[in-house]
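A.B. asks: with the input below, show me the fold.
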Amino acid sequence: MTYIVNEKCIKCKYTDCVEVCPVDCFYEGENMLVIHPDECIDCGVCEPECPPEAILPDTEPAAEKWLALNAEYADIWPNITRKTDPMPDADKLQDEAGKYEKYFSANPGEGS
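C.D. replies: Here you go, the predicted structure:
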């Protein structure tokens, strides 16, 4: 098992999860984070730290799509190891549905 980040992170990018991760398995895209499934140690400390509840175990329904996306982009986006400010409209967009189709960007973030 591993944890995955789903579309609830898009356009929010809170990094409370990054701050508590003991193995630095988060990678940063332009407008979301992903977890590297081969680096995640399944400790689960990140899950309760995510304000929009975008982090779930890969055993949840519909997680397969997100597991593949996390694996793909963790290999090309830069590693992020410290907390940063969330995106400007994070609170407003936190509960919006259909964020992947509307806003997903494959562009990398800055990392740390």
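
A.B. asks: going by C-alpha atoms from here, please, whenever you check contacts or count neighbours.
C.D. replies: Fine.

A.B. asks: how about the strands in the chain?
C.D. replies: Counting by DSSP state E, the chain has strands at residues 3-5, 26-28, 33-35, 55-57.

A.B. asks: helices of the protein, residue ranges please.
C.D. replies: According to DSSP state H, the chain carries its helices in the segments 16-20, 63-74, 90-93, 99-103.

A.B. asks: among those helices, which is nearest Gly109?
C.D. replies: Among these, helix 63-74 comes nearest to Gly109, with 10.9 Å by Cα to Cα.

A.B. asks: hang on, the earlier thing: okay, the helices of the chain in TSV with mean neighbour count, distance to Ser112 and mean pLDDT next?
C.D. replies: Converted to TSV, those look like this (neighbours: other Cα atoms under 10 Å; distance: least, Cα to Cα, whole Å; pLDDT from 0 to 100):
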stretch	mean neighbour count	distance to Ser112	mean pLDDT
helix 16-20	20	11	96
helix 63-74	17	14	95
helix 90-93	15	20	94
helix 99-103	12	23	96
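
A.B. asks: that's all I had, so thanks and see you.
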